[in-house]
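1. need a 3D model of the sequence below.
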Amino acid sequence: MASHNEIHAQAMQIVTARAQEAKLSVRRREEEIAGKLPQIAALRRELAGTSIQLTKIILSGQGNVKQQLEELKQRNLYVQSRIEELLRENGYPADYLGLHPVCPLCKDTGFVGNEKCTCLKSLMKELSIQKLNECSPLKLSSFETFDLRYYPAQGEGGASPREIMGKIFDYCVDYAERFSHHSPSLMLMGNTGLGKTHLSLAIARRVIDKGFTVLYGSTQDFLRAVESEHFGRAQEENDTLSMLLQADLLILDDLGVEFNSDFYVSSVYNVINTRLNTEKPTIINSNLTVQEMEKKYSQRIVSRLFSSYNCLRFAGKDIRLLKKREAAAGSR
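-> Numbering: from 1, shown residues only. The predicted structure is shown next:
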(Lines give C-alpha, C1' and ligand atoms only; values in the text may rest on other atoms or scores of the structure.)
Protein backbone atom coordinates (compact mmCIF):
# COMPACT_ATOMS: atom_id res chain seq x y z
CA MET A 1 0.00 0.00 0.00
CA ALA A 2 1.26 3.50 -0.84
CA SER A 3 2.25 5.75 2.06
CA HIS A 4 0.16 8.67 3.27
CA ASN A 5 2.64 11.13 1.76
CA GLU A 6 2.52 9.41 -1.63
CA ILE A 7 -1.28 9.42 -1.61
CA HIS A 8 -1.30 13.11 -0.63
CA ALA A 9 1.12 13.98 -3.44
CA GLN A 10 -0.99 12.09 -6.00
CA ALA A 11 -4.16 13.81 -4.80
CA MET A 12 -2.50 17.23 -5.01
CA GLN A 13 -1.41 16.46 -8.59
CA ILE A 14 -5.05 15.85 -9.49
CA VAL A 15 -6.17 19.05 -7.73
CA THR A 16 -3.44 21.07 -9.49
CA ALA A 17 -4.40 19.59 -12.86
CA ARG A 18 -8.02 20.58 -12.20
CA ALA A 19 -6.96 24.17 -11.46
CA GLN A 20 -4.85 24.36 -14.64
CA GLU A 21 -7.68 22.94 -16.74
CA ALA A 22 -10.12 25.49 -15.27
CA LYS A 23 -7.79 28.34 -16.26
CA LEU A 24 -7.28 26.91 -19.75
CA SER A 25 -11.03 26.59 -20.12
CA VAL A 26 -11.44 30.29 -19.29
CA ARG A 27 -8.90 31.22 -21.98
CA ARG A 28 -10.67 29.08 -24.56
CA ARG A 29 -14.00 30.73 -23.74
CA GLU A 30 -12.42 34.19 -23.88
CA GLU A 31 -11.00 33.47 -27.34
CA GLU A 32 -14.36 32.13 -28.50
CA ILE A 33 -16.23 35.23 -27.31
CA ALA A 34 -13.59 37.59 -28.70
CA GLY A 35 -14.12 36.05 -32.14
CA LYS A 36 -17.92 35.97 -32.00
CA LEU A 37 -18.73 39.07 -29.96
CA PRO A 38 -16.04 41.78 -30.40
CA GLN A 39 -18.13 44.31 -28.41
CA ILE A 40 -17.65 42.16 -25.32
CA ALA A 41 -13.93 41.94 -25.97
CA ALA A 42 -13.81 45.77 -26.09
CA LEU A 43 -15.68 46.05 -22.78
CA ARG A 44 -13.29 43.54 -21.17
CA ARG A 45 -10.30 45.58 -22.36
CA GLU A 46 -11.88 48.60 -20.70
CA LEU A 47 -12.16 46.68 -17.44
CA ALA A 48 -8.55 45.54 -17.75
CA GLY A 49 -7.45 49.19 -17.91
CA THR A 50 -9.20 50.05 -14.66
CA SER A 51 -6.10 49.57 -12.50
CA ILE A 52 -4.18 52.09 -14.63
CA GLN A 53 -6.99 54.63 -14.34
CA LEU A 54 -7.18 54.03 -10.60
CA THR A 55 -3.46 54.68 -10.21
CA LYS A 56 -3.66 57.90 -12.27
CA ILE A 57 -6.53 59.27 -10.20
CA ILE A 58 -4.77 58.59 -6.91
CA LEU A 59 -1.35 59.92 -8.03
CA SER A 60 -2.65 63.06 -9.74
CA GLY A 61 -4.53 64.25 -6.66
CA GLN A 62 -6.41 66.66 -8.89
CA GLY A 63 -10.09 67.45 -8.40
CA ASN A 64 -12.39 65.49 -6.17
CA VAL A 65 -10.51 62.16 -5.91
CA LYS A 66 -13.27 60.49 -3.93
CA GLN A 67 -15.87 61.40 -6.51
CA GLN A 68 -13.64 60.23 -9.39
CA LEU A 69 -13.09 56.87 -7.68
CA GLU A 70 -16.84 56.44 -7.16
CA GLU A 71 -17.52 57.28 -10.82
CA LEU A 72 -14.89 54.73 -11.87
CA LYS A 73 -16.50 52.13 -9.62
CA GLN A 74 -19.96 52.78 -11.06
CA ARG A 75 -18.59 52.62 -14.61
CA ASN A 76 -16.97 49.24 -13.84
CA LEU A 77 -20.22 47.89 -12.43
CA TYR A 78 -22.06 49.04 -15.54
CA VAL A 79 -19.48 47.45 -17.86
CA GLN A 80 -19.66 44.15 -15.95
CA SER A 81 -23.46 44.11 -16.08
CA ARG A 82 -23.39 45.02 -19.79
CA ILE A 83 -21.03 42.10 -20.52
CA GLU A 84 -23.37 39.71 -18.68
CA GLU A 85 -26.34 41.16 -20.56
CA LEU A 86 -24.66 40.70 -23.95
CA LEU A 87 -23.73 37.12 -23.05
CA ARG A 88 -27.33 36.27 -22.12
CA GLU A 89 -28.67 37.95 -25.27
CA ASN A 90 -26.43 35.69 -27.34
CA GLY A 91 -27.38 32.46 -25.58
CA TYR A 92 -24.52 32.22 -23.08
CA PRO A 93 -24.69 32.04 -19.27
CA ALA A 94 -23.94 35.35 -17.57
CA ASP A 95 -20.84 33.84 -15.90
CA TYR A 96 -19.56 32.20 -19.07
CA LEU A 97 -16.24 34.05 -18.90
CA GLY A 98 -15.69 33.38 -15.22
CA LEU A 99 -13.47 30.77 -13.58
CA HIS A 100 -15.37 27.56 -12.77
CA PRO A 101 -13.29 25.41 -10.40
CA VAL A 102 -14.28 21.80 -9.76
CA CYS A 103 -14.41 22.55 -6.04
CA PRO A 104 -16.06 25.87 -5.14
CA LEU A 105 -14.87 25.58 -1.53
CA CYS A 106 -11.10 25.63 -2.11
CA LYS A 107 -11.12 26.90 -5.72
CA ASP A 108 -9.04 23.83 -6.64
CA THR A 109 -6.20 24.62 -4.25
CA GLY A 110 -6.85 21.62 -1.99
CA PHE A 111 -6.99 23.76 1.14
CA VAL A 112 -9.45 26.04 2.92
CA GLY A 113 -7.24 28.21 5.07
CA ASN A 114 -4.70 25.84 6.61
CA GLU A 115 -7.06 22.84 6.56
CA LYS A 116 -7.35 20.18 3.87
CA CYS A 117 -10.47 20.70 1.80
CA THR A 118 -13.12 17.99 1.73
CA CYS A 119 -12.33 17.47 -1.98
CA LEU A 120 -8.69 16.67 -1.19
CA LYS A 121 -9.68 14.32 1.64
CA SER A 122 -12.13 12.57 -0.67
CA LEU A 123 -9.47 12.16 -3.37
CA MET A 124 -7.01 10.73 -0.86
CA LYS A 125 -9.64 8.26 0.33
CA GLU A 126 -10.42 7.15 -3.24
CA LEU A 127 -6.73 6.77 -4.13
CA SER A 128 -6.04 4.78 -0.97
CA ILE A 129 -8.89 2.40 -1.75
CA GLN A 130 -7.72 2.05 -5.37
CA LYS A 131 -4.26 1.05 -4.10
CA LEU A 132 -5.75 -1.54 -1.76
CA ASN A 133 -7.87 -2.90 -4.61
CA GLU A 134 -5.01 -3.22 -7.11
CA CYS A 135 -4.45 -6.89 -6.33
CA SER A 136 -8.13 -7.85 -6.08
CA PRO A 137 -10.09 -9.53 -8.90
CA LEU A 138 -12.68 -6.75 -9.17
CA LYS A 139 -12.88 -7.00 -12.96
CA LEU A 140 -13.16 -10.78 -13.18
CA SER A 141 -16.88 -11.20 -12.46
CA SER A 142 -20.13 -9.69 -13.67
CA PHE A 143 -23.82 -10.48 -13.50
CA GLU A 144 -23.73 -11.33 -17.20
CA THR A 145 -21.32 -14.24 -16.59
CA PHE A 146 -23.33 -15.77 -13.74
CA ASP A 147 -24.89 -18.98 -15.09
CA LEU A 148 -27.83 -20.56 -13.25
CA ARG A 149 -27.65 -23.76 -15.29
CA TYR A 150 -24.89 -25.03 -12.99
CA TYR A 151 -27.38 -25.24 -10.12
CA PRO A 152 -29.63 -28.36 -9.89
CA ALA A 153 -33.16 -27.82 -11.13
CA GLN A 154 -34.47 -30.47 -8.74
CA GLY A 155 -34.63 -30.06 -4.99
CA GLU A 156 -35.30 -32.34 -2.05
CA GLY A 157 -38.69 -31.56 -0.55
CA GLY A 158 -38.58 -27.82 -1.25
CA ALA A 159 -37.31 -25.17 -3.63
CA SER A 160 -34.54 -26.38 -5.92
CA PRO A 161 -31.03 -24.89 -5.75
CA ARG A 162 -31.70 -23.24 -9.12
CA GLU A 163 -34.83 -21.55 -7.79
CA ILE A 164 -33.04 -20.43 -4.63
CA MET A 165 -30.07 -19.08 -6.57
CA GLY A 166 -32.33 -17.40 -9.13
CA LYS A 167 -33.93 -15.40 -6.32
CA ILE A 168 -30.54 -14.59 -4.80
CA PHE A 169 -29.23 -13.50 -8.21
CA ASP A 170 -32.23 -11.17 -8.75
CA TYR A 171 -31.79 -9.76 -5.25
CA CYS A 172 -28.10 -9.02 -5.86
CA VAL A 173 -28.81 -7.30 -9.20
CA ASP A 174 -31.50 -5.16 -7.58
CA TYR A 175 -29.17 -4.41 -4.64
CA ALA A 176 -26.43 -3.20 -6.99
CA GLU A 177 -28.82 -1.09 -9.08
CA ARG A 178 -30.39 0.55 -6.04
CA PHE A 179 -27.20 0.86 -3.99
CA SER A 180 -26.90 3.90 -1.74
CA HIS A 181 -25.31 4.81 1.57
CA HIS A 182 -28.48 3.52 3.18
CA SER A 183 -28.39 0.05 1.61
CA PRO A 184 -28.45 -2.87 4.04
CA SER A 185 -25.41 -4.99 4.83
CA LEU A 186 -25.39 -8.52 3.42
CA MET A 187 -24.14 -11.89 4.67
CA LEU A 188 -23.54 -14.36 1.81
CA MET A 189 -23.38 -17.84 3.33
CA GLY A 190 -22.82 -21.29 1.88
CA ASN A 191 -20.28 -23.94 0.97
CA THR A 192 -17.20 -23.30 -1.17
CA GLY A 193 -17.73 -22.73 -4.89
CA LEU A 194 -21.39 -21.65 -4.89
CA GLY A 195 -20.85 -18.18 -6.38
CA LYS A 196 -20.60 -15.95 -3.30
CA THR A 197 -17.42 -14.26 -4.52
CA HIS A 198 -18.75 -14.03 -8.08
CA LEU A 199 -21.94 -12.19 -7.06
CA SER A 200 -20.19 -9.92 -4.53
CA LEU A 201 -17.67 -8.90 -7.22
CA ALA A 202 -20.52 -8.32 -9.69
CA ILE A 203 -22.16 -6.03 -7.12
CA ALA A 204 -18.85 -4.25 -6.62
CA ARG A 205 -18.47 -3.53 -10.36
CA ARG A 206 -21.95 -2.00 -10.63
CA VAL A 207 -21.51 0.03 -7.45
CA ILE A 208 -18.14 1.38 -8.65
CA ASP A 209 -19.76 2.35 -11.95
CA LYS A 210 -22.28 4.39 -9.94
CA GLY A 211 -19.43 6.45 -8.46
CA PHE A 212 -19.12 4.86 -5.02
CA THR A 213 -15.87 3.70 -3.46
CA VAL A 214 -15.66 -0.06 -2.98
CA LEU A 215 -13.00 -1.93 -1.01
CA TYR A 216 -12.78 -5.67 -1.71
CA GLY A 217 -10.43 -8.26 -0.28
CA SER A 218 -10.01 -11.35 1.84
CA THR A 219 -10.69 -10.88 5.54
CA GLN A 220 -7.39 -12.57 6.34
CA ASP A 221 -5.31 -10.20 4.19
CA PHE A 222 -7.00 -7.12 5.61
CA LEU A 223 -6.55 -8.31 9.20
CA ARG A 224 -2.87 -9.06 8.60
CA ALA A 225 -2.37 -5.51 7.29
CA VAL A 226 -4.27 -3.99 10.22
CA GLU A 227 -2.23 -6.07 12.69
CA SER A 228 1.07 -5.15 11.03
CA GLU A 229 0.23 -1.45 11.14
CA HIS A 230 -1.09 -1.63 14.69
CA PHE A 231 2.07 -3.21 16.05
CA GLY A 232 4.42 -1.00 14.04
CA ARG A 233 5.69 -3.52 11.51
CA ALA A 234 4.48 -1.43 8.55
CA GLN A 235 4.88 2.18 7.51
CA GLU A 236 3.29 4.50 10.04
CA GLU A 237 1.40 6.38 7.35
CA ASN A 238 -0.51 3.25 6.23
CA ASP A 239 -3.99 3.02 7.65
CA THR A 240 -5.84 0.00 6.32
CA LEU A 241 -8.29 0.09 9.23
CA SER A 242 -9.33 3.63 8.32
CA MET A 243 -10.01 2.54 4.74
CA LEU A 244 -12.03 -0.45 5.97
CA LEU A 245 -14.18 1.87 8.02
CA GLN A 246 -14.55 4.64 5.41
CA ALA A 247 -15.25 2.86 2.10
CA ASP A 248 -18.78 3.38 0.79
CA LEU A 249 -19.04 -0.40 0.37
CA LEU A 250 -16.72 -2.90 2.05
CA ILE A 251 -16.65 -6.52 0.85
CA LEU A 252 -14.95 -9.00 3.17
CA ASP A 253 -14.34 -12.31 1.45
CA ASP A 254 -13.83 -15.63 3.25
CA LEU A 255 -14.69 -14.54 6.77
CA GLY A 256 -13.69 -17.40 9.04
CA VAL A 257 -10.52 -18.65 7.33
CA GLU A 258 -8.33 -16.15 9.20
CA PHE A 259 -6.15 -17.25 12.11
CA ASN A 260 -8.05 -17.21 15.39
CA SER A 261 -6.60 -14.57 17.72
CA ASP A 262 -7.99 -12.06 20.20
CA PHE A 263 -6.68 -9.20 18.04
CA TYR A 264 -8.37 -10.52 14.88
CA VAL A 265 -11.68 -11.16 16.65
CA SER A 266 -11.66 -7.70 18.20
CA SER A 267 -10.76 -6.12 14.81
CA VAL A 268 -13.60 -7.98 13.07
CA TYR A 269 -16.04 -6.69 15.68
CA ASN A 270 -14.67 -3.16 15.39
CA VAL A 271 -15.16 -3.11 11.61
CA ILE A 272 -18.63 -4.68 11.72
CA ASN A 273 -19.88 -2.55 14.61
CA THR A 274 -18.40 0.77 13.45
CA ARG A 275 -19.74 0.40 9.91
CA LEU A 276 -23.20 -0.48 11.21
CA ASN A 277 -23.15 2.52 13.54
CA THR A 278 -22.06 4.86 10.74
CA GLU A 279 -24.59 3.29 8.32
CA LYS A 280 -21.98 2.11 5.81
CA PRO A 281 -22.99 -1.08 3.95
CA THR A 282 -20.81 -4.17 4.20
CA ILE A 283 -20.97 -7.48 2.33
CA ILE A 284 -19.46 -10.50 4.06
CA ASN A 285 -18.85 -13.86 2.34
CA SER A 286 -18.36 -16.90 4.54
CA ASN A 287 -18.22 -20.68 4.19
CA LEU A 288 -18.99 -21.10 7.90
CA THR A 289 -22.32 -22.30 9.23
CA VAL A 290 -24.06 -20.41 12.02
CA GLN A 291 -22.82 -22.99 14.51
CA GLU A 292 -19.23 -22.68 13.28
CA MET A 293 -19.41 -18.89 13.57
CA GLU A 294 -20.66 -19.16 17.14
CA LYS A 295 -17.63 -21.33 18.00
CA LYS A 296 -15.11 -19.07 16.27
CA TYR A 297 -16.36 -15.62 17.23
CA SER A 298 -17.78 -13.96 20.31
CA GLN A 299 -21.53 -13.88 20.84
CA ARG A 300 -21.61 -10.11 20.27
CA ILE A 301 -20.18 -10.54 16.75
CA VAL A 302 -22.60 -13.30 15.80
CA SER A 303 -25.49 -11.35 17.31
CA ARG A 304 -24.54 -8.20 15.38
CA LEU A 305 -24.26 -10.10 12.12
CA PHE A 306 -27.52 -12.03 12.24
CA SER A 307 -29.60 -9.22 13.73
CA SER A 308 -28.37 -6.44 11.40
CA TYR A 309 -27.37 -8.14 8.12
CA ASN A 310 -29.61 -9.58 5.42
CA CYS A 311 -28.54 -13.22 5.10
CA LEU A 312 -28.47 -14.90 1.68
CA ARG A 313 -27.99 -18.67 1.99
CA PHE A 314 -26.47 -20.13 -1.18
CA ALA A 315 -27.44 -23.61 -2.40
CA GLY A 316 -26.10 -26.16 -4.87
CA LYS A 317 -22.85 -28.00 -5.57
CA ASP A 318 -19.33 -26.67 -6.08
CA ILE A 319 -19.58 -24.74 -9.37
CA ARG A 320 -15.83 -24.74 -9.87
CA LEU A 321 -15.68 -28.53 -9.84
CA LEU A 322 -18.60 -28.71 -12.27
CA LYS A 323 -16.89 -26.27 -14.65
CA LYS A 324 -13.62 -28.16 -14.38
CA ARG A 325 -15.33 -31.43 -15.28
CA GLU A 326 -17.18 -29.73 -18.12
CA ALA A 327 -13.92 -28.32 -19.51
CA ALA A 328 -12.23 -31.71 -19.22
CA ALA A 329 -15.08 -33.43 -21.04
CA GLY A 330 -15.01 -30.81 -23.80
CA SER A 331 -11.28 -31.33 -24.37
CA ARG A 332 -11.65 -35.06 -25.09
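
2. show me where the chain has its helices.
-> Listed in chain order, the helices of the chain (DSSP state H) span 4-36, 38-48, 50-60, 65-89, 118-133, 161-177, 196-209, 219-230, 240-246, 262-277, 290-296, 299-308, 319-330.

3. would you turn those helices into TSV with distance to Tyr150?
-> Any C-beta I mention is one placed from the backbone N, CA and C, and that applies to glycine too. Shown next, in TSV, are these (distance: least, C-beta to C-beta, whole Å):
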stretch	distance to Tyr150
helix 4-36	41
helix 38-48	66
helix 50-60	75
helix 65-89	62
helix 118-133	28
helix 161-177	9
helix 196-209	11
helix 219-230	26
helix 240-246	32
helix 262-277	31
helix 290-296	25
helix 299-308	28
helix 319-330	5
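
4. could the ones you listed go into a markdown table alongside mean neighbour count, mean pLDDT and distance to Leu97?
-> Listed next are these as a markdown table, based on neighbours: other C-beta atoms under 10 Å; pLDDT from 0 to 100; distance: least, C-beta to C-beta, whole Å:
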| stretch | mean neighbour count | mean pLDDT | distance to Leu97 |
| --- | --- | --- | --- |
| helix 4-36 | 15 | 91 | 6 |
| helix 38-48 | 14 | 91 | 8 |
| helix 50-60 | 12 | 81 | 16 |
| helix 65-89 | 13 | 91 | 7 |
| helix 118-133 | 19 | 80 | 24 |
| helix 161-177 | 17 | 96 | 41 |
| helix 196-209 | 21 | 90 | 35 |
| helix 219-230 | 19 | 88 | 49 |
| helix 240-246 | 20 | 89 | 39 |
| helix 262-277 | 16 | 92 | 46 |
| helix 290-296 | 13 | 89 | 63 |
| helix 299-308 | 14 | 90 | 53 |
| helix 319-330 | 11 | 73 | 60 |
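
5. and of the ones you listed, who's closest to Lys107?
-> helix 4-36 (7.6 Å; C-beta to C-beta).

6. tilt between the closest one and helix 38-48?
-> Relative orientation of helix 4-36 versus helix 38-48 (axes from the mean of the first three to the mean of the last three C-alpha atoms, to 10 degrees): 120 degrees.

7. mind checking how far helix 4-36 is from the chain centre?
-> For helix 4-36, the separation from the chain centroid amounts to 22 Å (computed by C-alpha atoms, centre = their mean, to the nearest Å).

8. the closest residue to Leu47 other than its chain neighbours: what's it in contact with?
-> Excluding its sequence neighbours, the residue lying closest to Leu47 (C-beta to C-beta, 6 or more residues apart in numbering) is Val79, at 5.6 Å. Val79 is in contact with 43, 46-47, counting by C-beta atoms under 8 Å, 6 or more residues apart in numbering.

9. which one of these is nearest Glu89?
-> Glu89 lies nearest to Leu43 out of these, by C-beta to C-beta, at 13.3 Å.

10. I'd say Leu241 and Ser267 touch.
-> Yes: contact criterion C-beta atoms under 8 Å: Leu241 and Ser267 qualify, at 7.4 Å.
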